[in-house]
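Enquirer: Sequence first, predicted model second:
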Amino acid sequence: MSGTGIGARVLRKEDFRFITGKGQYTDDVNRYGQAHAVFLRSPHAHAEIRSIKLDAARAMPGVVDIFTGDDLAADKIGGLICGWMIHSKDGSPMKAGAHPALAQGKVRYVGDHVAVVIAETQAQARDAIEKIEVDYKVLSPVVAMADAVKKGAPVIHDVASDNTVYNWSLGDEAGTQAAFAKAAHVTKLDIVNNRLVPNPMEPRAAVGDYDSGTGGFTLYTTSQNPHVARLVLSAFIGIAPEHKLRVIAPDVGGGFGSKIFIYAEETVCVWAAKKVGRPVKWVADRTEAFLSDAHGRDHVTHAEMALDASGKILGLRVKTQANLGAYLSTFSSCVPTYLYAPLLSGQYDIPAIYVEVDGIYTNTAPVDAYRGAGRPEATFVIERMVEVAARELKQDPAAFRRKNFVRSFPHQTPVIMCYDAGDYDAAMTKALEMSDYKNIGARKAASAKKGLLRGIGFSAYIEACGIAPSAAVGSLGAGVGLWESAEVRVNPVGTVEILTGSHSHGQGHETTFAQLVSERLGIPIDNVAIVHGDTDKVQMGMGTYGSRSGAVGMSAISKALDKIEAKAKKVAGFVLEASPDDIEFKDGKFSVRGTDKEIDFGSVALQAYIAHKFNGQELEPGLKESAFWDPTNFTFPAGVHICELEIDPATGVTRIDRWTAVDDFGNVINPMIVEGQVHGGIAQGVGQALLEGAVYDASGQLVTASYMDYSMPRAGDLPSYDVGMTQTACPSNPLGIKGCGEAGAIAAPPAVMNAITDAIGHEGIAMPATPLAVWRAVQKTAPRAAAE
Amino acid sequence: MAMTMTGEVALPANRETVWAKLNDPAVLKACIPGCETLDKTGETGFSAVVKLKIGPVSATFKGSVELSDLDPPNGYRISGQGEGGVAGFAKGGATVRLLPPAEGQEGCILTYDVEANVGGKIAQLGARLIDGVAKKMADQFFNNFAEAVKAG
């Protein structure tokens, strides 16, 4: 194909509407007669609700109705669910406390939902919630995980008297102990993975609508996976059966995981639409997003690595406390377990690994998947560990990593994963070359002359994408399958609509998916439309997260395209009066092998629909096929990122000077889009390392609830990236794709922190490495030798 | 969000006079910044409505004020709490001591030891302003009180 097929740097088709203000986001949806919802949120981290007085609020101008948890209960609307069952070491199931959409008797974090006011305007609803009087009996909160598990700590959910959701483990404890027993050296490190607020550009929003004529509900919502939302709202929460509930996720302005989950607000909006007989709209303000979007990360870890005298890794043991917040969000339970521990082998051949993870309740917002989801936490642990081990053994960090790399594939790790393909050495070689590693000494000396501390940090990350083989995740406790579906509708004149379960909220699917179709069918990219985000159009899908849309979503499209091609060959055979076996399809043309007889794709499509040239009883008219693709394995993108930075010891300000990223994403559909994903991911990872941190004070108040107090990365905080690629095709899907959406956010934090600790000469600093934190850490730095 | 502050102020009246004013609802109402009503609900309790503005958040707090540890004329503890609806809540207290004047001086010395706690929107949006606002309110209260004592 001429420049729009696989591998072409096609400009994003969707960008025209986005940059000209023509996107249709949930807040752009306005239904006739709609009313507006505003939620009353708890100002307390932990309190009993003694009573709620609504009379004064009901009398306020414009109030349509007010609901509390009692009204949901009376309608038998179920609570929010956690869709992944984790069992503790002792075999007991995780302790999931009830999670009502509006509080019933108790609030458990600042921002918890107490009541909803529905009024003619949003301003009137805001005025009315001021008049609701709630009598709280304030309870002592537990904010820090260390306090939550203390004996006698206040109990957040009665089902978990020790505030512990599960004590989970993975790996071979005895084998790992044996590895440590024969170790020549043990590296130990305490690691904190800071809590983050997702901050998509578009806050969450919902419009619920009810048609009393058909009895059908429609929910417009900011969702990464509208079908899963419908499934949960139908089967578990009980809004309406699936065929009476349509969920539409129109244009969505970023999600980073936070829009995977089924939240209280959209549940209440769609339910309330029937109660008040009018469409109900809710749009979060930014502070609500800070308070109630599921947060990310928040791990406290102690890790130990056993090494032999030469620096070969013998074993790894990791003990992590994961903060899950006040309630279990939709997929929260699997993030610090099955999305975390299986990645702790990193790119390394580690014979024995044992991981223990305690999931802890605290009086804070729920914590769930955030760009990378468990894998950044794992990468941070293993990449900090290997860096520190190399330093302690006085070995070059690159050489140390090479010594321990996995070199033959498939490679079975001791923690579930079987790496199917990769070439870690190739990425390291290329990264060292691109970063001019051999001259780092000279650059450090030049910085020192200016009074600056220069550091270099590596991150040889691996992640598991292409989530995931359904039977495999089912055996690990997942409540759903993780295949993807696709439908290819060829119109009579040969234009094509692709219906996909992979939602696009910034990933560029409308471009990359169309490139695949353009390549396969030999038609112009503009003849392809990508349809997603509407449960009435797309039959079923599992949504977009975990870098799965390329590897899983496009594989489903590819499989459906195979069927289209097979059927079209039959049609072409009738038209060209040849056996389908003799028909070749290339560059958009069907031809009879060995002849000059040919017909283009559009003409075959027309023939398929007019059905004049074949017997409709022998071959069905039309050209439409669908497919489900269930992956055979996870995919394993991997790469090496190198961060080089300078610290001004006088001010603690860190300036990233160079960033080298070499990633192996398997086959790439659109390098421009992939590079964009890498750039954005690194920016997010640098944000975590240098700037971002959600802070609750001791009373459970979120004191970083606006951009005055929560620092996001800006252009000035970031360098120009030097991005390169290596390629080993992924054998686990038909397109050889691995996935690229999270790599930057996974790779970046350890690269930055390894560089900072290299510069300051000790490990005593945690993320975010703000200027104050760096300045304090520099005060503990021993004066450097003059030669350095 | 918790904060604490301490201070002292010299008053031009003896301890007995000051003590009487410290227990006079009309004086307290006039001195508490933003206080709109202060009604006695019992021997030592009051219900109160206080209007406050902290940074971008303004709200009317409805709550209660309680006097305790009464030790005439040496001091007491005044504590209060209020719910400000969507704005959040505020609670706090002050231990007030009345000391004899320094040698050769008239009047008495009032010392205060205040702790305050806020939550909800005030903490989310005004976190950086709260210390300043709380200090200003305490200063205002005791300055107002000094004026009231001066006025007799």
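Expert: Perfect, thanks for sending it.
Enquirer: and the closest residue to residue B:17 other than its chain neighbours, what element?
Expert: Sequence neighbours aside, residue B:149 is the residue nearest to residue B:17 in space, at 7.2 Å (criterion: CB to CB, 6 or more residues apart in numbering or on different chains). Any C-beta I mention is one placed from the backbone N, CA and C, and that applies to glycine too. According to DSSP states H and E, residue B:149 maps onto helix B:121-150.
Enquirer: quick one: low-confidence ranges for chain A?
Expert: A:1-2, A:782-788 (pLDDT under 70).
Enquirer: That one - how does it break down into domains?
Expert: Listed by automatic domain parsing, the domain ranges of chain A are A:17-139+A:202-253+A:259-292, A:143-194+A:295-419, A:422-464+A:635-788, A:483-629.
Enquirer: gap between the two ends of the second one?
Expert: It refers to domain A:143-194+A:295-419. For domain A:143-194+A:295-419, the first-to-last residue distance is 38 Å (CA to CA, to the nearest Å).
Enquirer: residues in contact with the residue in chain B that chain A sits nearest to?
Expert: Going by CB to the nearest CB, chain A is nearest to residue B:120 of chain B, at 2.7 Å. Listed by CB atoms under 8 Å, 6 or more residues apart in numbering or on different chains, the contact set of residue B:120 reads A:41, A:42, A:43, A:44, A:110, A:701, B:84, B:86, B:87, B:88, B:89.
Enquirer: need these in a markdown table with neighbour count, can you?
Expert: Compiled in a markdown table, those are given as follows (neighbours: other CB atoms under 10 Å in any protein chain shown):
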| residue | neighbour count |
| --- | --- |
| A:41 | 24 |
| A:42 | 26 |
| A:43 | 30 |
| A:44 | 28 |
| A:110 | 30 |
| A:701 | 26 |
| B:84 | 26 |
| B:86 | 19 |
| B:87 | 26 |
| B:88 | 28 |
| B:89 | 24 |
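Enquirer: So which of the residues you listed are in helices?
Expert: Within the contacts of residue B:120, no residue falls in helices by DSSP state H.
Enquirer: Between those, which sits nearest residue A:124?
Expert: residue B:86 (13.8 Å; CB to CB).
Enquirer: was I right about residue A:609 contacting residue A:624?
Expert: No: judged on CB atoms under 8 Å, residue A:609 makes no contact with residue A:624 at a distance of 10.0 Å.
Enquirer: for chain A, what are the nearby residues on chain B?
Expert: B:1-2, B:59, B:83, B:85-89, B:117-121, B:123-125, B:127-128 (CB under 8 Å from any CB of the partner chain).
Enquirer: From those residues, keep the buried residues only.
Expert: Neighbour counting over the residues of chain B next to chain A (16 or more other CB atoms under 10 Å in any protein chain shown) leaves B:1, B:59, B:83, B:85-89, B:117-121, B:123-125, B:127 as the buried ones.
Enquirer: Which residues are in contact with residue A:486?
Expert: Shown in contact with residue A:486 (CB under 8 Å, 6+ apart): A:498, A:499, A:500, A:501, A:553, A:556, A:557, A:559, A:560, A:626, A:627, A:629.
Enquirer: Where do the strands of the stretch 451-600 of chain A begin and end?
Expert: Under the criterion DSSP state E, counting those that start in this stretch, the stretch 451-600 of chain A contains strands at A:453-462, A:484-490, A:496-500, A:528-531, A:583-586, A:589-592, A:598-600.
Enquirer: Out of those strands, which one sits most buried?
Expert: Sort the strands of the stretch 451-600 of chain A by mean neighbour count, taking mean count of other CB atoms under 10 Å in any protein chain shown, and strand A:453-462 sits at the top with a mean of 27.
Enquirer: Could you list the paired strands of it along with their orientation?
Expert: Paired with strand A:453-462 in the same sheet, following DSSP bridges, are strand A:638-648 (antiparallel).
Enquirer: For chain B, give me its nearest residue in the stretch 1-150 of chain A.
Expert: For the stretch 1-150 of chain A, CB to the nearest CB, closest residue to chain B: residue A:43, 2.7 Å.
Enquirer: Now that residue. Its backbone dihedrals?
Expert: When read as degrees, to the nearest 10, the backbone of residue A:43 gives phi -90, psi -10.
Enquirer: Looks like it contacts residue B:89 (just checking).
Expert: Yes: Residue A:43 is within contact range of residue B:89, at 5.2 Å (criterion: CB under 8 Å).
Enquirer: what is in contact with those two at once?
Expert: B:83, B:119, B:120.
Enquirer: Just give the nearest non-adjacent residue to the last one, would you?
Expert: Nearest residue to residue B:120, sequence neighbours excluded (CB to CB, 6+ apart): residue B:88, at 2.1 Å.
Enquirer: Go ahead and name everything in contact with the top strand by length along chain B.
Expert: If you go by DSSP state E, chain B has its longest strand at strand B:57-71. Contacts with strand B:57-71, where a contact means CB under 8 Å, 6+ apart, come from A:130, B:23, B:28, B:36, B:38, B:41, B:44-52, B:75-91, B:95, B:121-122, B:125-126.
Enquirer: Can you turn the buried part of those residues into a PyMOL selection?
Expert: Remark: buried members of the contacts of strand B:57-71, expressed as a PyMOL selection using 16+ other CB under 10 Å:
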select buried, (chain A and resi 130) or (chain B and resi 28+38+46+48+50+52+75+76+77+78+79+80+81+82+83+84+85+86+87+88+89+90+91+95+121+122+125+126)
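Enquirer: Could you list the contact residues of chain A toward chain B?
Expert: Checking chain A against chain B by CB under 8 Å from any CB, the hits are A:40-45, A:110, A:126, A:129-134, A:136, A:287, A:290-291, A:697-703, A:705-706, A:708-709.
Enquirer: try 6 Å this time
Expert: Residues of chain A found near chain B (CB under 6 Å from any CB of the partner chain) are A:43, A:129, A:130, A:287, A:697, A:701, A:702, A:703, A:705, A:706.
Enquirer: could you say what helices and strands the lengthiest helix in chain A packs with?
Expert: Counting residues, the longest helix in chain A under DSSP H turns out to be helix A:554-576. The helices and strands touching helix A:554-576, judged by 3 or more CB pairs under 6 Å, 6 or more residues apart in numbering or on different chains; DSSP states H and E, are strand A:484-490, strand A:583-586, helix A:601-610, strand A:624-629.
Enquirer: again, 7 Å this time
Expert: Counting contacts by 3 or more CB pairs under 7 Å, 6 or more residues apart in numbering or on different chains; DSSP states H and E, helix A:554-576 is packed against strand A:484-490, helix A:509-521, strand A:583-586, strand A:589-592, strand A:598-600, helix A:601-610, strand A:624-629.
Enquirer: buried stuff in that helix?
Expert: By neighbour count on 16+ other CB under 10 Å, the buried set for helix A:554-576 is A:554-561, A:564-565, A:567-576.
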